[in-house]
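[1] no FASTA, just this:
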């Protein structure tokens, strides 16, 4: 299995982009693109959902 190493934009830790994933395909198209690791991405998505709900439920 082929993978690339990338640095998380948020926590600065190195993580693998595994062949077949969306991030892997995006990295192959544009190697300068920045990525988040899965843990940071989950936190960002949760915060966005919470903000969206708070904005529209008020």
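    On my side now, so go ahead. Just so we're clear, the structure is a prediction, and the values are computed from it rather than from any experiment.
[2] got the residue ranges for the strands in this structure?
    Counting by DSSP state E, the chain has strands at residues 3-7, 14-18.
[3] off-centre distance for the first one?
    Strand 3-7 sits 12 Å away from the centroid of its parent chain (CA atoms, centre = their mean, to the nearest Å).
[4] would you turn the strands of the chain into JSON lines with distance to residue 40, mean neighbour count and mean pLDDT?
    (Each C-beta comes from the backbone N, C-alpha and C, glycine too.) Output for those, formatted as JSON lines (distance: least, CB to CB, whole Å; neighbours: other CB atoms under 10 Å; pLDDT from 0 to 100):
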{"stretch": "strand 3-7", "distance to residue 40": "11", "mean neighbour count": "14", "mean pLDDT": "92"}
{"stretch": "strand 14-18", "distance to residue 40": "9", "mean neighbour count": "14", "mean pLDDT": "94"}
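[5] of those, which is nearest residue 53?
    Among the strands of the chain, strand 14-18 comes nearest to residue 53, with 28.7 Å by CB to CB.
[6] can you list the strands that the closest one pairs with?
    Looking at strand 14-18 with DSSP bridges, its partner strands are strand 3-7 (antiparallel).
[7] can you tell me which residue is spatially central in the protein?
    Centroid-nearest residue in the chain, with CA atoms, centre = their mean: residue 36, separated by 3.3 Å.
[8] that one reaches residue 6, doesn't it?
    No: applying CB atoms under 8 Å, one finds residue 36 not in contact with residue 6, separated by 9.3 Å.
[9] max-length helix in the protein?
    helix 38-57 (DSSP state H).
[10] what's it in contact with?
    Applying CB atoms under 8 Å, 6 or more residues apart in numbering, the contact partners of helix 38-57 are 8-11, 15, 36.
[11] repeat that with 7 Å
    Residues outside helix 38-57 that contact it (CB atoms under 7 Å, 6 or more residues apart in numbering): 8, 10-11, 36.
[12] off-centre distance for it?
    Relative to the chain's own centre, helix 38-57 is displaced by 14 Å; criterion: CA atoms, centre = their mean.
[13] where in this structure is pLDDT low?
    Where the chain drops to pLDDT under 70, the residues are 58.
[14] fine by me, we can end here.
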